[in-house]
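3D model of this:
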Amino acid sequence: YGQQDDDQLRLQEFLLNWQERGVRYPFQLDHECCLFQNMGEPECGWDFELEGPTPRLRNRFTQHQPLVAHGCGGHGRWFLSDVYRELRL
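Predicted structure coming up:
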C-alpha cells in the first residue's frame, strides 16, 4: 500500500469483515491501557513516575503503566513532548 492509503480505514474494514463472517477477532482491545497510552484526549489522563530505575507513565484511571505512549495528532503531540521532557528521554 502507498503512503496515501488510509491504514486505519483498512484495519476497520478488515475487522468489520471478520465480524460479518462471525469470526472472532485475533486480539483484544487494550481498553485499560496496559500496553498503549493514547495521548489524544483533551486532558492529561496519566502521571509521571520518576522514582525507581526506569521512569514511567501511570494511567490515572486504570493504574496501569503502559509500555508505549502514542502521541497522536491534536493534543497528543503536546502531551508527548511533555513525556520526553518529564521522563528525560
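
tell me the SS of residue 82?
Assigned by DSSP: H, G, I helix; E, B strand; the rest coil, the conformation of residue 82 is helix.

number of residues surrounding it?
By other C-beta atoms under 10 Å, 15 other residues sit near residue 82. Where C-beta positions appear, they are placed from N, C-alpha and C, glycine not excepted.

dump the residue contacts of it.
Contacts of residue 82 were listed using C-beta atoms under 8 Å, 6 or more residues apart in numbering, and they are residue 44.

that one and residue 36: what is the separation?
Distance, residue 82 to residue 36, using C-beta to C-beta, to the nearest Å: 17 Å.

what sits against the residue lying closest to residue 62 once chain neighbours are set aside?
Ranked by C-beta to C-beta, 6 or more residues apart in numbering and with sequence neighbours excluded, the top spatial neighbour of residue 62 is residue 32, at 4.4 Å. Counting by C-beta under 8 Å, 6+ apart, residue 32 touches 59, 62, 64.

is it correct that residue 32 falls within a strand?
No: Residue 32 is assigned coil when assessed by three-state DSSP, not a strand.

all helices of this protein, in order?
With helices called from DSSP state H, the chain shows them at 7-21, 75-86.

low-confidence ranges, the protein, go.
The chain contains residues with pLDDT under 70 at 1-4, 73, 75.

the residue located most distally from the centre of it and residue 15, how far apart?
Relative to the mean C-alpha coordinate of the chain, counting by C-alpha atoms, centre = their mean, the farthest residue is residue 21 (28.0 Å). Distance check for residue 21 against residue 15: by C-beta to C-beta, it reads 11 Å.

same question for residue 30.
15 Å.

show me the contacts of residue 32 that map onto strands.
Using DSSP state E, residue 59 are the members of the contacts of residue 32 that sit in strands.

which of the contacts of residue 32 sits closest to residue 76?
Residue 76 has its nearest neighbour among the contacts of residue 32 in residue 59, at 14.9 Å by C-beta to C-beta.

residues contacting that closest one?
32-33, 37, 45-46, 65-66.

again, only this time at 10 Å
Going by C-beta atoms under 10 Å, 6 or more residues apart in numbering, residue 59 touches 32-34, 37, 45-47, 65-66.
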